[in-house]
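Trainee: mind folding the following:
(chains A, B and C)
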Amino acid sequence: MQSQDIIRRSATNGITPSPQARSHTEEVAKLIDVTLCTGCKGCQVACSEWNDLRDEVGENVGVYDNPADLTPETWTVIRFDEVEDESGKLEWLLRKEGCMHCADPGCLKACPSPGAIVQFANGIVDFQSDQCIGCGYCVAGCPFDVPRISKKDNRAYKCTLCADRVAVGQEPACVKTCPTGAISFGSKADMKQLAANRVEELKGRGHEGAGLYDPAGVGGTHVMYVLTHADKPQMYHRLPADPYISPIVRGWKEWLKPVGALGFVATLAGAFAHYVGVGPNTTEEIEHEEPVLPPSDETTSEERV
Amino acid sequence: MTLGRRQFLKAGGTCVAGASALALGFTPPKAYAGDSRQYKLLRAKETRNNCTYCSVGCGILMYSLGDGAKNAKPSIFHIEGDPDHPVSRGSLCPKGAGLVDFIHSEGRLLYPEHRAPGSKEWKRITWEEATDRIARLLKEDRDKNFIEKNEKGQTVNRWLSSGMLASSAASNETGLLDFKFARALGMLGLDCQARVCHAPTVSALAPSFGRGAMTNNWVDIKNANVVLVMGGNPAEAHPVGFKWVMEAKIRNGAKVMVVDPRFNRTAAVADFYTPIRAGADAAFMLGVVNYLLTHDKIQHEYVKAYTNAALIVREDYQFEDGLFSGYDADKRIYDKTSWTYERDEQGFAKSDPTLQHPRCVLNLLRKHVERYTPEMVTQLTGTPAKDFEHVCAELARTSAPDQTATFLFALGWTHHTSGAQIIRAGAMVQMLLGNIGMPGGGMNALRGHSNIQGYTDLGLLSLRLPGYMNLPSDKQQDIGTYLKETTPATEVANQVNYWHHTPKFFVSLMKTLWGEHATAANNWGYDWLPKWDRSYDMLAYFDMMYQGKVNGYIAQGFNPLAAMPDKNKTAQALAKLKFLVVIDPLATETGSFWQDEGKYNDVKTEDIQTEVFRLPSSCFAEENGSIVNSGRWLQWHFAGAAPPGEAWQDSRILGTIFTKIRDLYRKEGGACPEQVLNMQWNYRDAEEPLPEEVARECNGFALADLKDDQGRVVVKKGQLLPDFSVMRDDGTTSSFAWIFAGSWTEAGNQMARRDNTDTGLGCTPGWAWAWPANRRILYNRASLDPSGRPWDPKRQILEWDGRRWSGADVPDYPVTAAPGSGISPFIMQPDGVGRLFGCGGMTDGPFPEHYEPTESPLQSNPLHPAVTYNPVARVLTDDRARMGHVKNFPYVATTYSITELFRHWTKHSRLNAIIQPEQFVEIGEKLAGKLNIAAGDRVKVSSARGHIEAKAVVTKRIKTLNVMGHDLDQIGIPCHWGFRGATKKGFLANTLSPAVGDANSQTPEFKAFLVNVEKV
Amino acid sequence: MDTKKAFLRTKFFDRMCHWTMVACFFLVAMSGLSWFFPSLNWLGSVLGTPQTARVLHPFLGTVVFGLLVIMFFRFVHHNLPVRTDIIWFRNVIGVLMNRHGDNLRIGKYNAGQKILFWGIMSLISVLFMTGIVAWRAYFAAYFPIPVIRVALLAHSLAGLALILLVIGHIYMGLWVKGSITGMLTGYVSRAWAKQHHDRWYEEKIASSSETPSKPHS
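Mentor: Numbers count the residues shown, from 1 in each chain, chains lettered A, B, ... in the order given. Predicted coordinates for the structure are as follows:
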């Protein structure tokens, strides 16, 4: 991907947008079918391998999840949840967690550094680490708690959807490696069709709650899930049922900015008008006193008028 | 001081100007949105290889620095899946995806090292010093302890006081050299990982079907209607092969069922899961047999035509109270004379096609399994009754000719004292259902290591020869006796009985081993083969070592301290060696067995007088060669870089040491020098044989013009053999492994072929080369009825065109044998059929039987309390003293692998260490509650043999079972950690398991033993 | 130099506090604005690269806060509301329209300055607290994301309000001649004092008749 393919940049004034002409790029998407996922973590390793990431060797905390959470050097993790229904039937719910590549990315909205977060015409939301200042606003902006700031360089990192691979026509590393075909990649339209087929089959197998997770609250995502319990996505390690950019973040980035700008204009204009209108507030010297001078400073004499 | 309006404006202007200047001066030149990372592979050198871990044999593409130009030194920096590979299609599991960190592991050995007796440290030495010293030590020990003749005066030419372990991750070419090296010295203590892995599979499947290998192949699993995963966990151990299970599920609507002590990752995506007590699988499977027979859910035509159901068994065959006829209680062995068919005048087996005869196999089987009622099975296994019935009913469904079930199993079935019998029971179910030879059917043994199949094929086991022939015993003093005893007589008229060609295979092997020294006059060098008196399998050999009867040992690409059961005993055994040579790419625990690692390896270093050599070898990525996957595909791979540091390829290490030993024998003489000096070693560089020349040697050559019946020359002298059908027993052909004949022909290296065209039902005969004769589905003639009609038209893989058989696959059948010829499809069997009654093929009975694990939670076997354990399973005296009792060790433990790690190798790979950093055990919620253990607590797990400590993973996935009316808890113990590697230090899990093996193959019982658990 | 005729209004220590704070404040405010208004991104360059700006902004902000805490204790007693502040409020239009002469009974600080004082002190406290919550490098990890979001919004609001207040403050300094010099030198003329802070002027006159004011240095 090149800067030419960017349709949205962080911290860029809406009236001076990125190049918009090359908009005919096909939107891509990654579809994660949790019903086929065995939690092998092949995607985790392939991701780190391709992206030259090596996290710390941590410790076991009593579960299979390792590393225990996303980190600046682990851009995707498998979440393991053991769930038993009323009948005692056990389900091991496995979900590959990582950036969702929202159509309306909260990280990009929150980012104050021009071009540190970009959205490509194909839907990929990518962090340009060299532009990142490490403020962490993306962390606050993300409805999925995905970006992580590195302690090493104070920059934000997350899944790039292998923008470098996609740019040359390849699929992301996790997609390629997935042994069971639980991760698919293609045009967003194709992925939605594939998901529809899978959902239909799952319903046929008695999974009434099966469905596609492509949340409208963030304008849809370019990483989607097929869930057996799409009616209860929270079961999958707190996947938000209805994610959206927090109104507080919107208030901060969308509302406060014009109000603030207005405040500045009003204050400066008011002061200017006041000065021009009222004139300087000078002191009539009493008892013919000399103007007060700094006790030991000759250089300010130019100020004597 | 005043500031007029003019001044105010002036000051304001100055501020603006200043700010602008500031901005101009300080603003970064261009706040552009940078491009994403550059694509890193654009012109890097791409090399094709295969993953070194499991037997799926995934294709990989390795990318190294430079574009191949001579001036660039390649270093592999990225590996990803080969999208052309028919099995992996670009996928790699977490192990394969992390291969680059295996290649560049900090644990890679870079130069030869030596540890002097009693020393606390390694000392760097040169290759010259190392190979000189090792050659000298080996020769000294051989000369001193070589046994030319046994006490009876028989020529045995064996050397027992030094042994060798060969690596099943090395190439076939290295394997060939291993074999020649070890046998040229007269070694019997030779083994490979197959011993601790899938040996029971061979022991069980060969007598059942004729060959001991996975019957189908990975891609074929997609054709199944029912997938039974039992005694295996392919989602974790063979993740990419498991792709085809998912494919069956999605595209074929297959039902996937998992029966396992714990709800594992395979169960997570299965349609059905039910628990079972570890070690009770035979009872379960025999219960299924009983169900199929009592519910009459068998594929009648198939059973009658293609199994020995109708053959009549001798009258003196009996089974009573857990014992078959012929038991010798003192020697703990069976006299198997009665375990065979009743013969007619011509010596052929009698049969009753009406299946009415009380002693026909089917009726004997019916009687044998009637004890395995659903009640008995569920009591023994702990599996809920309705779950058991469900599994039976689903399997029974596939008795319909157009339905198939595939059985996927691995070490969960092999790692038992009755492992081979469990597998036999599974094979019987599949025969009754008519699922063998069918696309989408089969007994699919999911082999372990990347080349464990190859090393099994090459006979790198103490009593084996290449191509599934046996090493002669000292009772077989001459070649005539040997060939007579090993070449089976045809048992049913008109059958192929392909093993009747054994003399051809054997003589061709001898010509490869001894070259021009093998002549008709000296029986092709027969005397130089070491003859055995008993098994020198790893368990037996390490016991000898423990008793101080072994002086030298070579561990090549093998980590026995971690791989053998009863680690503490193994460590003590190694400490009694005079010298140990470790050849490995990595720093293994075995190489460091003498190092004090605190609680992880509590030894007194100064007391250990073993001299240890650590020789760095190449890994898969640094060599050319072939490995055989579980589907018997020989796949050729290429080196992508040179070995690191001073590391040598295995062939060079073996070649150099062997050449030095030979030089010493040439100069100094010694014990039986002919054995050493006559071994054919005619490589361009004796010290560094090339894989390509070794591979051609393995395939074999015509040593003279080979003529057909009409006298036409079919193969010219000096040419590579096109296949094994042209082999001769007159010394005019050579071939190391007859089953590999055809792998490198005059047409080139067949193993390197890359045409992935699907010729139907997932067969890709143009990709690599499969033994035997490039067949992808074994016994495929059994997918059609005797008259040549497919049982299921949708699965037609062969067809008869009036003259020949052809089709999507290579026929596993005489290609010109017309339908209705009466030739049965199991061409390797002397009776031509699949064997429900195993005859004398097994040491522990012609029918399977459930026996308890050596350490059982039950006081006795409810089926026959007097015979609780496998009556012929060997328990060595030293080991019997190290067994525990349920009173002190109340929980059943089972060890296994998990997805993230491969045995003890991947802990050296940083990428894999990250995703599973620390040792853990799995404990069910109920037991954890009782013991007050929370997730993440440290626990101590102990057996009679030692203890380990690990983190506790408390899970809903392991349930308390009801076994014989009592609650039974099971503990899951993944075995991947140790005191070397990139993970956190851990204990070798095999500290806990008992050193007792499968009755047929001496494969250790890792899957069911007794432990206690405490919170630390 | 005859300083007897001038009043010492701000002591050296306080002046140093003030001007140090001013310098830091400018850097902090400019970098803050650079992130708030992307089009003003260039303002952040006062602290070097965007990354150094991110590093320095919170530290300098902490300095500002620290100095203001000191100033709070040194100035708070002059800024407590008193009854006479009402007079200033009543005459605020007159004050802004530059009408002098009325005796507004203004102490050292007038009511507007007191509002400024309390405004700055409370806003800087909000900025400090919310800044800690949002300070990614050290503290943000200890707070839940929803709290950080509120903190970021509050930080921006408080920052804006503070900057606007300070612009007002600067303007007043520029408008009222003698103020800046007063803050620089510490001295204001008696006339200035009488004109803007009549009650303080009277207090000074009264106290100087008892104890002569000391020269500055």
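Trainee: off-centre distance for the helix or strand where A:Leu93 lies?
Mentor: For A:Leu93, the enclosing helix or strand under DSSP states H and E is strand A:90-97. For strand A:90-97, the separation from the chain centroid amounts to 24 Å (computed by Cα atoms, centre = their mean, to the nearest Å).
Trainee: near chain B at all, that strand?
Mentor: Yes - looking at strand A:90-97 against chain B by Cβ under 8 Å from any Cβ of the partner chain, the contacts come from A:90-92, A:94. Using the backbone N, CA and C atoms, a C-beta is placed for each residue, glycine as well.
Trainee: closest to chain C among these?
Mentor: Minimum distance to chain C across the residues of strand A:90-97 next to chain B is 24.5 Å, recorded for A:Leu94 (Cβ to the nearest Cβ).
Trainee: hmm, the closest one is touching B:Ala267, no?
Mentor: No - with contact defined as Cβ atoms under 8 Å, A:Leu94 does not count as touching B:Ala267 (11.6 Å).
Trainee: picking up where we left off before, most neighbours out of the residues of strand A:90-97 next to chain B, which is it?
Mentor: Neighbour counts for those peak at A:Leu94, which has 25 neighbours (criterion: other Cβ atoms under 10 Å in any protein chain shown).
Trainee: next, the contact list for the residue nearest to that one when sequence neighbours are not counted, please.
Mentor: Distances taken as Cβ to Cβ, 6 or more residues apart in numbering or on different chains place A:Gly39 nearest to A:Leu94, at 3.9 Å, with adjacent residues excluded. The contact partners of A:Gly39, by Cβ atoms under 8 Å, 6 or more residues apart in numbering or on different chains, come to A:64, A:78, A:80, A:92, A:94, B:265, B:268, B:899.
Trainee: for the fifth one, give me the pLDDT.
Mentor: In other words, A:Leu94. At A:Leu94, the pLDDT value in this model is 97.
Trainee: re earlier: for the residues of strand A:90-97 next to chain B, give me TSV that also has distance to A:Gln170.
Mentor: TSV is the format used below for the residues of strand A:90-97 next to chain B (distance: Cβ to Cβ, whole Å):
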residue	distance to A:Gln170
A:Leu90	38
A:Glu91	34
A:Trp92	31
A:Leu94	25
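Trainee: tell me which of the residues you listed is nearest to B:Ser462?
Mentor: Checking the residues of strand A:90-97 next to chain B against B:Ser462 with Cβ to Cβ, the nearest one is A:Trp92 at 41.7 Å.
Trainee: mind listing what the spatially most central residue of chain A touches?
Mentor: Taking Cα atoms, centre = their mean, the centroid of chain A lies closest to A:Cys107, which sits 3.2 Å from it. By Cβ under 8 Å, 6+ apart, the contact list for A:Cys107 reads A:10, A:117, A:125, A:127, A:138-139, A:141-142, A:146-147, A:156, A:158.
Trainee: so what's the residue count around B:Met564?
Mentor: Counted with other Cβ under 10 Å, the neighbours of B:Met564 add up to 27.
Trainee: how about it, nearest residue that isn't a chain neighbour?
Mentor: Closest residue in space to B:Met564, ignoring its immediate chain neighbours: B:Thr570 at 4.6 Å, by Cβ to Cβ, 6+ apart.
Trainee: from the contacts of A:Cys107, which has minimum pLDDT?
Mentor: Lowest pLDDT of the contacts of A:Cys107: A:Ser10, 93.
Trainee: show the model's pLDDT score for C:Asn98.
Mentor: Taking C:Asn98 on its own, its pLDDT is 86.
Trainee: give me the pLDDT for the residue nearest to B:Met564.
Mentor: For B:Thr570, the pLDDT comes out at 98.
Trainee: what distance do you get for the residue nearest to the centre of chain A to chain C?
Mentor: 12 Å (Cβ to the nearest Cβ, to the nearest Å).
Trainee: repeat for A:Ala273
Mentor: A:Ala273 sits 11 Å away from chain C, going by Cβ to the nearest Cβ.
Trainee: that residue sits in which helix or strand?
Mentor: Using DSSP H and E, A:Ala273 maps to helix A:256-278.
Trainee: one step back: which of the contacts of A:Gly39 has the most neighbours?
Mentor: B:Thr899 (30 neighbours).
Trainee: so where do the strands sit in the stretch 201-305 of chain A?
Mentor: Secondary structure of the stretch 201-305 of chain A, counting by DSSP state E, counting those that start in this stretch: strands at A:211-213, A:223-227.
Trainee: state the helix or strand in which B:Ala952 lies.
Mentor: According to DSSP H and E, B:Ala952 maps onto strand B:946-955.
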